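> Predicted structure and sequence below. I'll ask about it afterward.
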Amino acid sequence: MGRIIAEIFLRITGWDAEGERPTSKKFVLIASPHTSNWDLAYLLACTMRYKIRPRWMGKHTLFHGPMGWVMRAVGGIPIRRHLRENVVEQMTRQFEERDELCLTVPPEGTRGLTPFWKSGFYHIARSAQVPIVLGYLDYARKRGGFGPEFEPTGDIKADMDHIRAFYAGKVGKHPENFGEIRLREELEEDDATDGIEGSIPESRA
């Protein structure tokens, strides 16, 4: 039924899903660009087309009371920030305990313009030893779906260059809110490199 609803929604809105279904049963799915509330509807429609159930992280207080079961039913996984385990450790455990898991992460963390992507998606994939799948929405072409999946290597700059190349040309509903694709860690690496280079004395030969 969900797939039929997804097909109808995509057809009515003039959208279509494209790309191959990820081959891995466990992966971190990047959801980008994220500039509008409509992104969720198109993400759900595209994943339903491929019979994939996306899961997402939410603060544990959202899962209390009568609405708790609803949050879980729509894919929510509670995150307890007060525990000793950080978010990466908690999600690594979720991957270890499940046979299948599509963890969907919008790395911008907000629909508004932001100077950096949040790096949680990267560190979770590295820690859980699962691939990253490049999910996307392109409002210019009214297409959404899945790009390639790859194993993060630990070379953040090289891996992010790969991600940047893929998302080049992908247009969000509000393009002005889709900023530079960069992790704060990349800036820190650049600063560290500059510091090392600056400490090397010039030759007096």
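Good, I have the coordinates. Residues are numbered from 1 along each chain as shown.

> make it CA atoms for all contacts and neighbour counts henceforth
Fine.

> can you pull the contacts of the residue nearest to the spatial centre of the chain?
Centroid-nearest residue in the chain: Ile30, 2.3 Å away (criterion: CA atoms, centre = their mean). By CA atoms under 8 Å, 6 or more residues apart in numbering, the residues touching Ile30 are Thr104, Val105, Pro106, Pro107, Phe121, Ile132, Val133, Leu134, Gly135, Tyr136.

> Of those, just say which sits nearest to Phe9.
The nearest member of the contacts of Ile30 to Phe9, counting by CA to CA, is Tyr136 at 17.5 Å.

> Beta-bridge partners for that closest one, please?
In this entry, Tyr136 is beta-bridged to Ser32, Gly145, by DSSP bridges.

> So it is in contact with Pro33, correct?
Yes: Tyr136 is within contact range of Pro33, at 6.5 Å (criterion: CA atoms under 8 Å).

> Please enumerate the shared neighbours of the two.
Lys170.

> Three-state assignment for Leu44, please.
Following DSSP: H, G, I helix; E, B strand; the rest coil, we place Leu44 in the helix state.

> can you tell me how far Val28 sits from Ile163?
Separation of Val28 from Ile163 (CA to CA, to the nearest Å): 13 Å.

> The two: who's more crowded?
Neighbours per residue (other CA atoms under 10 Å) separate Val28 from Ile163, with Val28 holding more: 26 against 19.

> could you give the mean pLDDT of the strand or helix carrying the more buried one?
Assigned by DSSP states H and E, Val28 falls within strand 26-32. Mean pLDDT, strand 26-32: 96.

> ok, now which ones touch the closest residue to Arg49 other than its chain neighbours?
Excluding the flanking residues, the one nearest Arg49 by CA to CA, 6 or more residues apart in numbering is Arg3, at 5.4 Å. Arg3 makes contact with Ala45, Met48, Arg49, Lys51 under the criterion CA under 8 Å, 6+ apart.

> can you tell me the helix or strand for the closest residue to the second one other than its chain neighbours?
For Met48, ignoring the flanking residues on the chain, the nearest one in space by CA to CA, 6+ apart is Arg3 at 5.2 Å. Secondary-structure assignment from DSSP H and E places Arg3 in helix 2-13.

> what about stretch 110-128, start to end distance?
24 Å.

> Now that stretch: buried residues?
111, 113, 116-119, 121-126, 128 (16 or more other CA atoms under 10 Å).
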